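[1] Provide a 3D model corresponding to the input given below.
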Amino acid sequence: MNRSLRALAAVLALGAARARAQDTAIVINPEAAGVHFTPPELPRQVADSAIEFFNAPTTSRLVGRTELPAGAVWRGDVAVRNGPVILAGRIEGSLLVINGDLVLRPGADVTGTVLVVGGELTGADSARVEGSARAYYEVLGYRVRGDTLQYAPNLRRRYGQFAAEYAFTTTETRSALTIATGGTYDRVEGLPLVFGPVFDWQADPLDHFRLDAVGVFRSAGDLSGSRSDLGYRLHAEARRGRYRPVSLAFRAFNVVAPVEDWTLTGAEVGWAAFLFHRDYRDYYEDHGLALRLSAQPERQLSAFLEYRRESERPTDSRDPWTLFRNDEAWRPNPPIDGGHYHTVALGLALDTRNDPDEPTTGWWARARVEYATSPDVQPQGGVPAFVRPALPTDGSYAFSRFFLDVRRYARIGSFGRANLRMVAGGWLGGDPLPLQDRLSLGGPDPMAGYPFRYSACNKEIVDPAFGSSQPAACDRVLLFQGEYRGHINLRWAYDPGEDQPESGLLYRLEGPDLVVFGDAGQAWLVGSGPGRIPANRLPTLGSWIADLGLGIDWGGIGLYAAKAVTLGQPLRLILRLSHRF
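    Next up, the predicted model:
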């Protein structure tokens, strides 16, 4: 317990030291399995020009998707941030698009100049632009100050990450020694810390190479027993291309991997564990290699093909310290089906949102299909045949699974937004899924009106090896979510004025969103016989679970009340640290 506290205090102190580091280009995402490329920076001269144009008193300023149809005329200079912009009419002035794409339709006419930063310019050959037309793919970092923008090139949203680093840079290379949080607080690792060197080399404008070799310290362990408290992550990636990149990446890893990481965010899971002794994920040890080929044929579309060779083993809960309920026992971490797994995965991603953090329009979608085999699977005992038929242990074990997450964001009026989401995933073919790849519904996310893993297909699992772990045991899941967000238009701002010592500071307080939402779905077992659904069918609507709710979301921090559409379920209050989706 004391060591966990000391580790947490050390990380907090290192986070405070970040401002003194020489460079802040190395970003470790606490919810990711590795370190990613740092995006190229926009030339300062271009950034200053864009900020000056946007802040000019004669410029009309718009936000979000903007369309000027054929025959329409806009008189004067226009600046749009977080587009996209579709122009088929005429602008009698200049046009600036910040962090969005510009599409010029045939016949479009701009009497001044066109500048696009953080996006693409298409259709210039079929339109008329009297001045220059320039486009820069690099995103413009800025802060909103009243009705104007302030240049903020190093603006990063870290969502609770603490890190410190000492970096060495040249015009082409960047290397650093880094220590940071490498995951979220949990009952198996405590607070995992990553430490080690990273290297970034921009060989030329088109070729980029990245190498990270970091160790992982699991602060909840005691450096004894069958499980090592030290892991590692090695990540090497070569990328070709600047606007339509293709990359090849190699990973070697020894980590603690989560089960069902598609529900609550890692930050929310970590804070729930650290503060309230509640861990909403399960975990297993994952040791292996991976090779991934990625491509981005369009700015909003990407794809990958990956091969993984992993050794997966069960792991036990430890006893990390928590702020409240520290004397309670943790929920046991359920066992898994261990063994070596060889996996081929194909994935697609689409993101047309106008803002990744506060989207008001656009689509977000992720699709993944995997085929896995295991020559030496070690099935966990105590799983009844009703939940899962026996797994073959003669080296022929093979299965396939899929996961699809689609979200739609749409603006309704000046202050309203309607957001929709569909999730479908699970068994696709072959032998039954291993325990670590199974699914459930219920809990703070995504079915807030029901208790944790209310629909988990685990009621028949009574073997003492599982205890009260409540494992996820369903083969498939289908979920629909919808919400309406109405912005409460409260705004408070304070500008001390130029004659005050604090001149240049502006304090703003925006109003919250009122959220009305509903969720419906089901998780089930696939097969024939009582309690199972044939592979080519869906559960009847009468068997679905559903909830309705109301909440207040203020900048991502939300308080929600949800009621299950089921007799006997109480009203539940949920505190969230991010948007529902």
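
[2] Residue 53 is in what secondary structure piece?
    Per DSSP states H and E, residue 53 falls inside helix 44-55.

[3] packing partners for that helix?
    Helices and strands touching helix 44-55, by 3 or more CB pairs under 8 Å, 6 or more residues apart in numbering; DSSP states H and E, are strand 78-81, strand 95-98, strand 114-117, strand 148-151. (Each C-beta comes from the backbone N, C-alpha and C, glycine too.)

[4] Where does the prediction get shaky in the stretch 151-300 of the chain?
    The stretch 151-300 of the chain contains residues with pLDDT under 70 at 153-172, 221-228.

[5] Tell me where it has helices.
    Counting by DSSP state H, counting those that start in this stretch, one finds helices in the stretch 151-300 of the chain at the ranges 266-276.

[6] got the residue ranges for the strands in it?
    Secondary structure of the stretch 151-300 of the chain (DSSP state E, counting those that start in this stretch): strands at 163-169, 173-181, 192-202, 207-218, 230-240, 246-259, 282-298.

[7] Can you give the strand pairings for the fifth one, parallel or anti for each?
    Put plainly, it is strand 230-240. Sheet pairing for strand 230-240, assigned by DSSP bridges, gives strand 207-218 (antiparallel), strand 246-259 (antiparallel).

[8] can you list the domain ranges for this structure.
    44-151, 389-581 (automatic domain parsing).

[9] how about these in a markdown table, adding distance to residue 320 and mean neighbour count?
    Formatted as a markdown table, the domains of the chain follow (distance: least, CB to CB, whole Å; neighbours: other CB atoms under 10 Å):
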| stretch | distance to residue 320 | mean neighbour count |
| --- | --- | --- |
| domain 44-151 | 36 | 18 |
| domain 389-581 | 17 | 17 |
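
[10] mind checking which of these is nearest residue 300?
    Smallest distance to residue 300 across the domains of the chain (CB to CB): 8.3 Å, for domain 44-151.

[11] Can you give me the end-to-end span of the closest one?
    Using CA to CA, to the nearest Å, the end-to-end distance of domain 44-151 comes to 9 Å.

[12] ok, back up a step: export the strands paired with strand 230-240 to a markdown table and tack on mean neighbour count?
    Listed next are those as a markdown table, based on neighbours: other CB atoms under 10 Å:
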| stretch | mean neighbour count |
| --- | --- |
| strand 207-218 | 19 |
| strand 246-259 | 18 |
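
[13] mind putting these in a markdown table, distance to residue 403 included?
    Below are the strands paired with strand 230-240 laid out as a markdown table (distance: least, CB to CB, whole Å):
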| stretch | distance to residue 403 |
| --- | --- |
| strand 207-218 | 26 |
| strand 246-259 | 13 |
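
[14] among those, which is nearest residue 456?
    strand 246-259 (11.6 Å).

[15] what's the straight distance from one end of stretch 311-323 to the other?
    Criterion CA to CA; first-to-last residue distance in stretch 311-323 is 34 Å.

[16] list the buried ones in that stretch?
    Residues of stretch 311-323 classed as buried: 312-315, 317-318, 320-322 (neighbour count, 16 or more other CB atoms under 10 Å).

[17] for stretch 58-71, how far is the first residue from the last?
    23 Å.

[18] can you list the residues that contact that stretch?
    Stretch 58-71 is touched from outside by 53-54, 74, 76-91, 96, 105, 107, 147, 354, 360-362, 411, with contacts defined as CB atoms under 8 Å, 6 or more residues apart in numbering.

[19] Check stretch 425-439 too.
    Residues outside stretch 425-439 that contact it (CB under 8 Å, 6+ apart): 259-260, 262, 282, 284, 312, 334-337, 369, 371, 377, 380, 383, 388-389, 391-392, 397-405, 457, 471-477, 523, 526, 535.

[20] Just the ones of those in strands?
    Cross-referencing the contacts of stretch 425-439 against strands under DSSP state E gives 259, 282, 284, 312, 369, 371, 397-405, 476-477, 523, 526.

[21] ok, residue 346 to residue 371 distance?
    From residue 346 across to residue 371, the span is 9 Å (CB to CB, to the nearest Å).

[22] beta partners of residue 128?
    According to DSSP bridges, the residues that bridge with residue 128 are residue 109.

[23] That one and residue 112, how far apart?
    For residue 128 relative to residue 112 (CB to CB), the value is 12 Å.

[24] Also residue 126?
    19 Å.

[25] again with residue 362
    28 Å.

[26] again with residue 559
    48 Å.

[27] With residue 404 instead?
    Residue 404 is 44 Å from residue 112, where distance means CB to CB.

[28] next one: residue 427
    Counting by CB to CB - residue 427 and residue 112 are separated by 58 Å.

[29] try residue 480
    For residue 480, the distance to residue 112 (CB to CB) stands at 47 Å.

[30] Just send the buried residues of stretch 311-323 back as a markdown table, with secondary structure too.
    Conversion of the buried residues of stretch 311-323 to a markdown table gives the following (DSSP: H, G, I helix; E, B strand; the rest coil):
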| residue | secondary structure |
| --- | --- |
| 312 | strand |
| 313 | strand |
| 314 | coil |
| 315 | coil |
| 317 | coil |
| 318 | coil |
| 320 | coil |
| 321 | coil |
| 322 | coil |
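
[31] Residue 202: how many residues sit nearby?
    19 (other CB atoms under 10 Å).

[32] Quickly list what it is bridged to.
    residue 208.

[33] how close does it get to residue 209?
    Residue 202 is 8 Å from residue 209, where distance means CB to CB.

[34] swap in residue 54?
    Counting by CB to CB, the separation of residue 54 from residue 209 is 35 Å.

[35] looking at it, residue 460 is touching residue 385, isn't it?
    No - look at residue 460 against residue 385 with CB atoms under 8 Å: they stay out of range, at 9.2 Å.

[36] OK, contacts around the nearest residue to residue 543 once chain neighbours are set aside?
    What sits nearest to residue 543 in space, not counting adjacent residues and going by CB to CB, 6 or more residues apart in numbering, is residue 522, at 6.1 Å. Counting by CB under 8 Å, 6+ apart, residue 522 makes contact with 441, 455, 477-478, 539, 543-545.

[37] would you turn those residues into CSV with secondary structure and distance to residue 581?
    Listed next are the contacts of residue 522 as CSV, based on DSSP: H, G, I helix; E, B strand; the rest coil; distance: CB to CB, whole Å:
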residue, secondary structure, distance to residue 581
441, strand, 15
455, strand, 19
477, strand, 15
478, strand, 16
539, coil, 22
543, helix, 24
544, coil, 19
545, strand, 18
